[in-house]
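K.L.:
coords please:
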Amino acid sequence: MSIDWMLLIKLGFAFSATVCYAILYHVPKKALLLVGLVGLGAWLTQYLALQLWSSPVYAAFFGGVLVGALSEKLARKVLMPVTVFVVGGIVPLVPGSSAMATMREFVMGDYLEGLSRGTQTMLIASAISAGLVLAGSVLRTDWRGILARKNR
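P.N.:
Next comes the predicted model:
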């Protein structure tokens, strides 16, 4: 059995970056570990989705769904706002390097490549948002009322 050390290092960085960002935004101490685990799970989901589909937009969407779902569940469990977990959890998903590359292309005068990268960056950001909204909406839905009306 071979251990992929690079993957373990990347997971450690995803967890650390999430926790450091959460500390920067004054997330309560009792939630830091959970926020770190949400970010770690989001990055791992994105990584695995990239291995399966090789589309960064799909990968970002599934990462966003995971962050949204875990954030809703953890917020109810520890009685904190959902944003405590969402803001830190999306840190590993945010396409910062892609946005930087977009700006670099525009500054260098390669406007078509800049437009291409900018479009992909916006699609990734939109996919993260759509995943968060979808998961949040599904988990906040009161299914008891819907099922009760359906069974009448």
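K.L.:
what comes up buried for stretch 45-57?
P.N.:
The neighbour-count check on stretch 45-57 (16 or more other CB atoms under 10 Å) flags Thr45, Gln46, Tyr47, Ala49, Leu50, Pro56, Val57 as buried. Just so you know, the C-beta spots here come from the backbone N, C-alpha and C atoms, and that holds for glycine as well.
K.L.:
farthest-separated two in those residues?
P.N.:
Within these, two members stand farthest from each other by CB to CB: Tyr47 and Val57, at 14.7 Å.
K.L.:
would you list the buried residues of stretch 45-57 in CSV and tack on pLDDT, secondary structure and distance to Val91?
P.N.:
Listed next are the buried residues of stretch 45-57 as CSV, based on pLDDT from 0 to 100; DSSP: H, G, I helix; E, B strand; the rest coil; distance: CB to CB, whole Å:
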residue, pLDDT, secondary structure, distance to Val91
Thr45, 96, helix, 14
Gln46, 95, helix, 12
Tyr47, 95, helix, 15
Ala49, 95, helix, 17
Leu50, 94, helix, 17
Pro56, 94, helix, 16
Val57, 95, helix, 18
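K.L.:
In JSON lines: those, plus distance to Met122.
P.N.:
Listed next are the buried residues of stretch 45-57 as JSON lines, based on distance: CB to CB, whole Å:
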{"residue": "Thr45", "distance to Met122": "21"}
{"residue": "Gln46", "distance to Met122": "17"}
{"residue": "Tyr47", "distance to Met122": "22"}
{"residue": "Ala49", "distance to Met122": "19"}
{"residue": "Leu50", "distance to Met122": "18"}
{"residue": "Pro56", "distance to Met122": "12"}
{"residue": "Val57", "distance to Met122": "10"}
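K.L.:
What is the nearest of these to Leu34?
P.N.:
Among the buried residues of stretch 45-57, and counting by CB to CB, the member closest to Leu34 is Thr45, at 16.2 Å.
K.L.:
residues contacting the closest one?
P.N.:
Residues in contact with Thr45 (CB atoms under 8 Å, 6 or more residues apart in numbering) are Ala59, Phe62, Gly63, Leu66.
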